[in-house]
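**Q** need a structure here:
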Amino acid sequence: MVAPQTVVVGKPTVIRAAGTIPTQYLRYAYWVSVVSVRTSVVRTCPASVWDPKQVAAATGGAILVLSTRAVPDRSGRFFVPVGIRPYAPGTARICAYVDDGAASTLAAGSKRLTVRRAGR
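**A** Next up, the predicted model:
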């Protein structure tokens, strides 16, 4: 996950969910999901690709990317741009997942973001 350490309330920012798919598996489709959950709710991201979506939706977080295709280059590297516009100061955990489109979570990553008030 590539993101600034600190973002500002109301200021649009793009973060990048990035990863690598082993080249022998490039012929298969993989999907990326990204959510934002307040760190007061979770210390770490849930393990399953489905759990954080429910947690984010029910606790004031956000589903940033419901599901989009990972499009790798020839070496297997991919990135998905994710737009955010923070609405409150504090800290958030950005959780990103790669899955096979069925039921298997294949990889997960996270980034802790600090959201500060504008003008600080």
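**Q** Let me know whether Ala109 touches Ala17 as I believe.
**A** Ala isn't right for residue 109; it's Gly. Yes - assessed by Cβ atoms under 8 Å, Gly109 is found in contact with Ala17 at 7.4 Å. Where you see a C-beta, it was placed from the backbone N, CA and C, and this is true even at glycine.
**Q** got any residues that touch both of the two?
**A** 1, 96 (Cβ atoms under 8 Å, 6 or more residues apart in numbering).
**Q** my guess is Phe79 meets Thr20, correct?
**A** No - counting by Cβ under 8 Å, Phe79 stays clear of Thr20, with 10.2 Å between them.
**Q** thinking again about what came up before, which one's more surrounded, Gly109 and Ala17?
**A** Ala17 (26 against 15; other Cβ atoms under 10 Å).
**Q** Wait, Ser33 touches Ala70, no?
**A** No - at 10.4 Å, Ser33 does not count as touching Ala70 under the criterion of Cβ under 8 Å.
**Q** Run a quick neighbour tally on Ala47.
**A** The number of residues packed near Ala47 is 10, by other Cβ under 10 Å.
**Q** Compute the distance between it and Val7, please.
**A** Computed with Cβ to Cβ, to the nearest Å, the distance linking Ala47 and Val7 is 26 Å.
**Q** try Tyr28
**A** Remark: distance between Tyr28 and Val7 (Cβ to Cβ) = 34 Å.
**Q** Tell me which of these two has more neighbours.
**A** Shown here are Tyr28 and Val7; by other Cβ under 10 Å, Val7 has more neighbours (20 against 9).
**Q** Residues in a beta bridge with the more buried one, which ones?
**A** With DSSP bridges as the criterion, Val7 is bridged to Val115.
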